[in-house]
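1. No sequence on hand, only this structure:
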């Protein structure tokens, strides 16, 4: 497997190639600004079959963690994200607790990406507020 690319943007890595239409819909949902405030994600989508089926452990082994562009988290569109009607995207901590995970629904991904990318919030703040099924659907009102 090749190393996870280093970019300035947050990454959404596709690891399931079973449904191209679902992938396309998920990308659109991720990029769609929030209706009230216009918040949106700033991500780069990686759809490369070299990453098909990789597991979190392999991601950790193949993510360069040196230099100024150290990545602290990664979004993964795996089989569950493609097949589940809510499309919960896997979020992997690469920094504080490498390998810790939770999932996020597409309508809430902007908050995770925006806050983690500028270190406004920590990974655990989202992970600890995920529902019992491990999916973050937003903070309680």
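-> That came through fine. Since we're looking at a predicted model, the values are computed, not measured. Numbers count the residues shown, from 1 in each chain.
2. What's the first helix or strand after the lowest-mean-pLDDT helix or strand in the chain?
-> Ranked by mean pLDDT, DSSP states H and E, the weakest helix or strand in the chain is helix 56-61, scoring a mean of 86. Sequence order places strand 73-77 as the next helix or strand after helix 56-61, per DSSP states H and E.
3. In the least confident helix or strand of the chain, which residues are buried?
-> 56, 59, 60 (16 or more other C-beta atoms under 10 Å). Every C-beta, even on glycine, is put in place using the N, C-alpha and C of the backbone.
4. now swap in stretch 81-95 and tell me
-> 81, 82, 87, 88, 89, 90, 91, 92, 93, 94.
5. In CSV, list those along with pLDDT, distance to residue 72 and secondary structure.
-> Shown next, in CSV, are the buried residues of stretch 81-95 (pLDDT from 0 to 100; distance: C-beta to C-beta, whole Å; DSSP: H, G, I helix; E, B strand; the rest coil):
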residue, pLDDT, distance to residue 72, secondary structure
81, 98, 20, helix
82, 97, 25, helix
87, 97, 23, coil
88, 98, 20, coil
89, 98, 16, strand
90, 98, 15, strand
91, 98, 11, strand
92, 96, 10, strand
93, 94, 7, strand
94, 90, 6, coil
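6. Go through those and name the one nearest residue 32.
-> residue 87 (12.6 Å; C-beta to C-beta).
7. What residues does the closest one make contact with?
-> Applying C-beta atoms under 8 Å, 6 or more residues apart in numbering, we find residue 87 in contact with 22, 25, 26, 29, 81, 105, 106.
8. any idea how far the fifth one lies from residue 27?
-> Here the distance between residue 81 and residue 27 works out to 11 Å (C-beta to C-beta, to the nearest Å).
9. Residue 94 and residue 34, how far apart?
-> Residue 94 is 26 Å from residue 34, by C-beta to C-beta.
10. cool, residue 43 as well?
-> 15 Å.
11. repeat for residue 103
-> 19 Å.
12. With neighbour numbers in mind, choose between these two.
-> Between residue 103 and residue 34, counted using other C-beta atoms under 10 Å, the more crowded position is residue 103 (24 against 12).
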